[in-house]
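Visitor: starting from these lines, generate the structure:
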Amino acid sequence: MAQLIGLFIIFLICPINLHLQAAENLPISKNSSGQDGLVPLDASRQNGSALRMLIGIEKNQNSSKPVSVNGTALSWHGTQSLNSSIPGLEQPLTQQYIKQYSSPAGLAWLKTVIGRGKLYLPYIIKEVEEMGLPLDLAYLPVIESAFLPTAISRSGAVGLWQFMKNSIHGYGMVIDDWRDDRRDFIKSTKGALKKLKDNYTYLQDWPLALAAYNAGLGAVQRAIQKAGTKDYWTLSEKKHLKQETIHYVPKFLAITSILMNPGKYGLEIEWLELPPIELIPVGKMADLRLIEEKAGIPSGVLKSLNHELIFGITPSDPKYNLKVFADHKESVLTVLANKDEPLVLYYFHTIHSGDTLSALSRHYGVSVEQIKIANPGIQDRYLQLGSKIKIPALKNVGPYERPIQPSTTIAFEGTHIVQKGETLWSIALSYEVDPEVLATVNGLTLSSILREGSKLKTPIKKTGSTE
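Guide: Model (predicted):
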């Protein structure tokens with residue numbers, strides 16, 4: 001198992017960079033919002049135990065080579081043919097895209113994309129099977145994101161399944177300062193397949209259900225009403241759907257036809273058994289880099305499994321589950337259980353006069369909310385001068401430079417004799433000057449104890465006339 005994980009580590013930490021655009025050879029969908037009131041799909045756990053996500057692998061008795069996943073023959077990853085269950089292969093536009101994607105360049109692109117999807121396909125296949133959906137749908141991320149969990153389209157859709165921000169409601173996903181669950185391959189897969197199934201339940205037609213995934217259920221409903229037909233191909237021919245949606249289904253069918261019959265096109269797809277993945281509740285902020293270092297996990301492995309973490313730091317949300325390879329589970333749990341080991345890197349900032357949380361957040365590249373989470377009870381209005389606060393080190397930044405305070409230009413040409421019971425704070429109030437400035441001019445700190453009878457430099461006190 002360790003050797004197998006090693007193979008995947010090489011794959012995981014050597015990503016192929018691809019900034020997605022809605023190009024003709026790499027179509028990206030805008031997954032629009034169209035449904036409300038759906039049941040959240042968050043994974044549940046009992047007694048706080050880790051959730052085990054096992055991919056059942058059947059092997060030939062005379063070989064270590066897997067022959068099926070969860071009972072489904074791997075013929076659609078091999079050289080044997082498997083027919084698509086979604087109609088439309090005979091359509092001219094589908095045939096045009098089959099020709100395009102089966103070209104040498106197209107096949108090379110598909111091979112690269114499927115190689116990138118090795119980490120996710122076993123889980124997607126399992127979910128597709130359990131929901132009783134067409135096997136073709138496991139390949140939808142090919143045209144949505146090219147199997148890049150960090151993909152972002154020009155319209156702002158994110159993740160393997162390209163969810164828009166306004167389309168995650170009811171699908172168990174969260175977007176906050178720390179994470180974007182659209183990049184969580186487990187949650188986004190559950191959400192996408194649920195959306196597709198809901199579309200099909202309503203429309204009773206898979207081409208229409210796919211069109212609704214791309215354009216939104218409302219847009220497809222309006223097209224059906226306007227044309228008076230529920231046939232996707234007629235709607236496309238009469239231009240009742242937008243251009244992207246007209247090409248979306250034929251592209252998908254073309255790609256699935258090739259990938260479900262790779263031998264026919266001379267496409268060799270390597271299939272490896274994936275190590276099982278575990279879901280571990282964390283319940284506190286922890287930097288993936290520090291977990292890897294302390295648990296002896298190669299750098300980048302945890303990030304590859306948990307792309308939803310924007311800064312690579314787990315949120316304090318007790319419902320958040322970290323995905324790890326099963327072989328790493330015990331070492332990760334040991335690290336998380338050690339309360340003496342800090343798992344987040346912080347800057348420690350000393351509060352001075354004029355500091356505000358908003359100014360600090362801009363300098364350190366974090367949100368005000370993130371500073372508040374790291375410092376429970378802190379309030380912008382009542383920052384205590386001289387106190388130290390923790391700021392998550394999400395970016396490398398230089399020393400904080402404060403804006404010049406107008407009070408520093410005051411001429412300290414007066415003298416004040418310290419009276420019994422007076423403090424820098426009370427004297428500063430009396431002379432309408434910043435206490436920190438008063439202390440600095442006199443070579444003191446805010447915590448200095450004043451000796452009765454000592455002299456302080458002060459501004460000339462205003463004598464203004466009385467009325």
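Visitor: rest of the way, CA atoms for contacts and neighbours
Guide: OK.
Visitor: next, the residue nearest to the spatial centre of the chain: phi, psi?
Guide: Centroid check for the chain by CA atoms, centre = their mean gives E308 as the closest residue, at 2.4 Å. Reported as degrees, to the nearest 10, the phi and psi values for E308 are phi -70, psi -20.
Visitor: isn't it up against R183?
Guide: Yes - taking contacts as CA atoms under 8 Å, E308 lies within contact range of R183: 4.6 Å.
Visitor: circling back: model confidence for the residue nearest to the centre of the chain, exactly?
Guide: As predicted, E308 sits at a pLDDT of 97.
Visitor: against Q96, how distant is it?
Guide: 36 Å (CA to CA, to the nearest Å).
Visitor: go on, D231?
Guide: 20 Å.
Visitor: what ranges do the helices span in the stretch 251-400 of the chain?
Guide: 288-295, 301-305, 329-337, 357-364, 368-374 (DSSP state H, counting those that start in this stretch).
Visitor: which parts of the fourth one are buried?
Guide: So that's helix 357-364. Using 16 or more other CA atoms under 10 Å as the burial criterion, the residues of helix 357-364 that qualify are L357, L360, S361, Y364.
Visitor: any idea of the mean pLDDT in it?
Guide: Average pLDDT, helix 357-364: 89.
Visitor: other SSEs contacting it?
Guide: Applying 3 or more CA pairs under 8 Å, 6 or more residues apart in numbering; DSSP states H and E, we find helix 357-364 packed against helix 368-374.
Visitor: CA-only coordinates of the helix it packs on in PDB, if you can.
Guide: Taking Å, rounded to 0.1, in the frame of the first residue of the first chain, the C-alpha atoms of helix 368-374 are listed here in PDB:
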ATOM      1  CA  VAL A 368     -11.300  40.900  10.000                       C
ATOM      2  CA  GLU A 369     -13.300  37.800  10.900                       C
ATOM      3  CA  GLN A 370     -10.200  35.600  10.700                       C
ATOM      4  CA  ILE A 371      -8.400  37.900  13.100                       C
ATOM      5  CA  LYS A 372     -11.400  37.700  15.500                       C
ATOM      6  CA  ILE A 373     -11.500  33.900  15.300                       C
ATOM      7  CA  ALA A 374      -7.800  33.800  16.200                       C
END
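Visitor: and the gap between N306 and R183?
Guide: Applying CA to CA, the value for N306 to R183 is 8 Å.
Visitor: who has more neighbours out of these two?
Guide: Shown here are N306 and R183; by other CA atoms under 10 Å, R183 has more neighbours (29 against 25).
Visitor: could I get the contacting residues of the more buried one?
Guide: R183 is in contact with P149, T150, V158, G159, L160, N306, H307, E308, counting by CA atoms under 8 Å, 6 or more residues apart in numbering.
Visitor: check those residues and tell me the two furthest apart.
Guide: V158 and N306 (14.4 Å; CA to CA).
Visitor: hang on, the earlier thing: right, and the helices of the stretch 251-400 of the chain - which one's nearest L208?
Guide: Within the helices of the stretch 251-400 of the chain, the stretch nearest L208 is helix 301-305; the backing value is 32.5 Å (CA to CA).
Visitor: who are the packing partners of the closest one?
Guide: So helix 301-305, by 3+ CA pairs under 8 Å, 6+ apart, packs with helix 2-12, helix 288-295, strand 321-325.
Visitor: let's see it at 6 Å
Guide: If you count contacts as 3 or more CA pairs under 6 Å, 6 or more residues apart in numbering; DSSP states H and E, helix 301-305 packs onto no helix or strand.
Visitor: in it, what's buried?
Guide: For helix 301-305, the neighbour count (16+ other CA under 10 Å) marks V301, L302, K303, S304, L305 as buried.
Visitor: and the third one, how far is that from R183?
Guide: Note on K303: its distance to R183, by CA to CA, is 11 Å.
Visitor: for the last one, same thing?
Guide: L305 sits 10 Å away from R183, going by CA to CA.
Visitor: the first one too?
Guide: Plainly put, V301 is 16 Å away from R183 if you go by CA to CA.
Visitor: then the second one?
Guide: Plainly put, L302 is 14 Å away from R183 if you go by CA to CA.
Visitor: what about E452, which helix or strand?
Guide: Taking DSSP states H and E as the definition, one finds E452 inside no helix or strand.
Visitor: show me the contacts for it.
Guide: By CA atoms under 6 Å, 6 or more residues apart in numbering, the residues touching E452 are V418, Q419, K420.
Visitor: same thing but 8 Å
Guide: Contacts for E452 (CA under 8 Å, 6+ apart) come out as I417, V418, Q419, K420.
Visitor: find me the pLDDT at the residue lying closest to the third one once chain neighbours are set aside, would you?
Guide: So the one you mean is Q419. Distances taken as CA to CA, 6 or more residues apart in numbering place E452 nearest to Q419, at 5.4 Å, with adjacent residues excluded. We have a pLDDT of 91 for E452.
Visitor: try I9
Guide: At I9, pLDDT is 52.
Visitor: ChimeraX command for the buried members of the contacts of R183?
Guide: Here is the ChimeraX command that selects the buried residues among the contacts of R183 (16+ other CA under 10 Å):
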select :149,150,158,159,160,306,307,308
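Visitor: between the contacts of R183, which sits nearest I427?
Guide: E308 (52.5 Å).
Visitor: so who does the closest one touch?
Guide: Applying CA under 8 Å, 6+ apart to E308 gives the contacts R179, D180, D181, R182, R183, D184.
Visitor: any idea how far G443 lies from H352?
Guide: Applying CA to CA to G443 and H352 gives a distance of 16 Å.
Visitor: more neighbours: which of the two?
Guide: Each of G443 and H352 has its neighbours counted (other CA under 10 Å); H352 has more, 15 against 10.
Visitor: count the neighbours of K111 for me.
Guide: Neighbours of K111 using other CA under 10 Å come to 18.
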